[in-house]
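Student: Just the structure for this:
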Amino acid sequence: MGSVPESHGGWVAAARLPRAGLLLLAAVACLLWASCREATTEPTGHVTVAATPVSGPYLFADSAGRQWVQCLVDLHARNAGSRSAAWGRAVLSYFTAVDTTAPFGTDKLPPQTTSALWQTGSIPPDTTESARLTFTASVPFSVRMRFYYEIGGGQPDSASTVATCEPSLPPGSPPSVNAFSIPAYTSLQPGDTLRISYGAASDVGLWQTVITLTGPCDTTVAFPERDLPSVSRTVTLVLPAACALGVQPVLTATVWDARLQSATATLILAALVDHTPPKIAVQMSQPFHSDFSANLAAPLFTGSRFDLAVTATDNHLLHGVYWEVQPVGFRDSVLVTGASQQRTVTVVAQAGWVGPVQLRVYARDAAGNVSDTVVSAPGAIRVYPTVGPAPTMIQVDGSTADAAFDMKRGVVYLLQNNPYRIVVFSLASHAAVSTIPIPDYPTGFDLTPSGDSLVTLLLNRRAFDIVDLTQASPTGSLVPLSGMDTTIGLNSTRIASAGRAVVVAGKQVYVGDLATGAMHLGTQVDNPDTGWPVQLERSVDRKVVVVNGDYGTFQRYDVSTDAFGLRQMNVPDTPPAVDSTGAHVALIGVLYDSTLHRVLTLPVFYLGNPLPVALSPDGQTHYLPAAPGSDGPGIIRSRVSDGSPIDFIPVPGGVGLLKASPDGSMLAVVNCPGFCHVGVITLSQLH
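Tutor: Numbering: from 1, shown residues only. Alright, predicted model coming up:
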């Protein structure tokens, strides 16, 4: 008869329980049934159970191509006695039409499940209870149901009934398989799709066809035949990638009828080969960014690490992924297995790679076939030098909010709002040499045009504290501010030429006289409630102050006209950098002209945190701190003219504040992730 297809028995208490019941494989028959001798005898108690068909048999197929048969049955339990009967366990056994002696599956229900089925733990005397069950199996079947109960704590008794879920099964001879074939082929490879034709007929009604492939690998596909008398089909079977080469596949078609009689046909095919190369896709991480791009293009720096996300697939088995960098002659690889691999590999740009390089990536399979090579476009990847020495970062106690160069005295001033003071950092010794006390919480500061006084904006006293730096022990004098909204906190300040001071207070920018503290409203920064501060910076010649707020509130203040220009679109929440005359302005990696119109965006920048950038006083060089996600913190130096990188300056610990000296010879770097660290880069010493 042939082997029985996989079969399941199951029950469902419709509208009473979730879809439940054990689906048992045919190979796992109930071993307890034969020992349950009472199941073969009629009950002697007072409870009877009867089954009434409601609907079915209903044929359907699942996504795996297996055919199923389903029936809906009503059960009626009758207690004809004078005492209540407590429900116990139940045993449901499933039989095929060709073997009614040994069940192919059994469900054993505990008492609590049986009680839930009947919606009661016991059945009262002279009462009938009803339940509805759905039965499903992969072959026509009948189910014998035995329900155990006890009356008054006595010996267990049982009641049984039978339900049948079988289509009309006329007698007939076993089915036949004919015209089992595949189209002519020159070779077969793993991954190929076989178009298999077959015909089958049965006097009983066809139930299921299963096509199996054995030899180099094992795979099976099934097709429901839906009780048809005959079929003629063309179906597909994909040779798995794991199939071994050099082995002949054996293709077998087995068809069953509704009585589980079977017939088989066999084809022996030519041994498998592999002539198909693998396929490969490559994405490259962008340095100083967290994303990947299929466009293999990026500026790199010597020592930079970049990742290649490689996806390789093959019809059979992969062997390795290979990459090389030309013309420097760098090559590397990684061994891989399986028919599909996603692998991320890291490449480090080495010192000898300065200039344009080309990246080439390919894959090889276990048979030696090579994929197409993924190649970066000429000039798309260019390596720039990393220069040093890196600055020595000196720990300075306190929180640094701003910094200012005093080239006349060879120091950098560090504004600290905790504690209230200014730290004097020597450019010669690279050490904090003294402090200047501040009488209140400082929110901004700047040198006067002469360079002989420091002007600090005091939050609570709403005044300027002007410190005379020509004194041996500098002390400050207060200049109260007037003409301002006193309900708004003071944020920052810059001292322009002609004795003018610019002050940010909340969303308002004031301009006034430094000597008297008399201020007037210059512009209203129309920020929504984003919490983003208004930030400002002046040109080295002090004739221009640039204000940056929210979107569309990017403005230029000209001292000569004492007026603010038109608002321009911007990168919000970022401090501006301005050159000597205001001819060039930068926000992060975006460059603007003197009218604050965007000129270009640098190819290496991170649009996220408000990074503090710097411009050289001559407006020719842009300095951008390396963003989170880079291999090491530092500063990217680029040309303003075309945005192309020049080199990379490593900075231990990273950059939180960056200032260029007025003469363009130095950079001051401050980082305060916990303790503040300060360093000075002398640009002429970089190599």
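
Student: how many other residues sit next to Ala668?
Tutor: Using other Cβ atoms under 10 Å, Ala668 is surrounded by 23 other residues. For glycine as for every other residue, the C-beta is placed from the backbone atoms N, C-alpha and C.

Student: Over to the one 5 residues further on?
Tutor: Here the count is done by other Cβ under 10 Å, and Pro673 has 9 residues near it.

Student: Am I right that it is in a strand?
Tutor: No - note on Pro673: no strand contains this position according to DSSP: H, G, I helix; E, B strand; the rest coil, which reports coil.

Student: That one touches Gly654, doesn't it?
Tutor: Yes - applying Cβ atoms under 8 Å as the test, Pro673 and Gly654 come out as touching, 7.3 Å apart.

Student: where in the stretch 251-400 of the chain is pLDDT low?
Tutor: When the per-residue scores of the stretch 251-400 of the chain are filtered using pLDDT under 70, the ranges that remain are 290.

Student: Could you pull out the helices in the stretch 401-550 of the chain for me?
Tutor: In the stretch 401-550 of the chain, no helices are found when defined by DSSP state H, counting those that start in this stretch.

Student: Point out where it drops to low pLDDT.
Tutor: Low-confidence segments of the stretch 401-550 of the chain, defined by pLDDT under 70, are located at 526-532.

Student: which residues touch Thr220?
Tutor: With contact taken as Cβ atoms under 8 Å, 6 or more residues apart in numbering, Thr220 is in contact with Val210, Ile211, Thr212, Leu213.

Student: and the second one, that's in a helix?
Tutor: To tie it back to what came earlier, the one meant is Ile211. No - residue assignment for Ile211, taken from three-state DSSP, gives strand, which places it outside any helix.

Student: per-residue pLDDT, it?
Tutor: Reported pLDDT at Ile211 in the predicted model: 96.

Student: Pull up the gap between it and Ala179, please.
Tutor: Note on Ile211: its distance to Ala179, by Cβ to Cβ, to the nearest Å, is 14 Å.

Student: If you count surrounding residues, which of those two has more?
Tutor: The neighbour comparison of Ile211 against Ala179 (other Cβ under 10 Å) goes to Ile211, with 23 against 11.

Student: so how far is Asn178 from that one?
Tutor: As defined by Cβ to Cβ, Ile211 lies at a distance of 15 Å from Asn178.

Student: Equivalent analysis for Ala349, please.
Tutor: Distance of Ala349 to Asn178, given as Cβ to Cβ: 67 Å.

Student: can you pull the contacts of Val424?
Tutor: The neighbours of Val424, taking Cβ under 8 Å, 6+ apart as the test, are Val411, Val412, Tyr413, Leu414, Ala432, Val433, Ser434, Thr435, Ile436.

Student: In the sheet, which residues pair with it? Tell me.
Tutor: Using DSSP bridges, the beta-bridge partners of Val424 come out as Tyr413, Ser434.

Student: would you say Ser115 is within a helix?
Tutor: Yes - with the criterion set as three-state DSSP, the secondary structure at Ser115 is a helix.

Student: Tell me the spacing between it and Thr128.
Tutor: For Ser115, the distance to Thr128 equals 17 Å [Cβ to Cβ].

Student: of these two, who's got more company?
Tutor: Neighbours were tallied for Ser115 and for Thr128 using other Cβ under 10 Å; the higher tally belongs to Ser115 (16 against 12).
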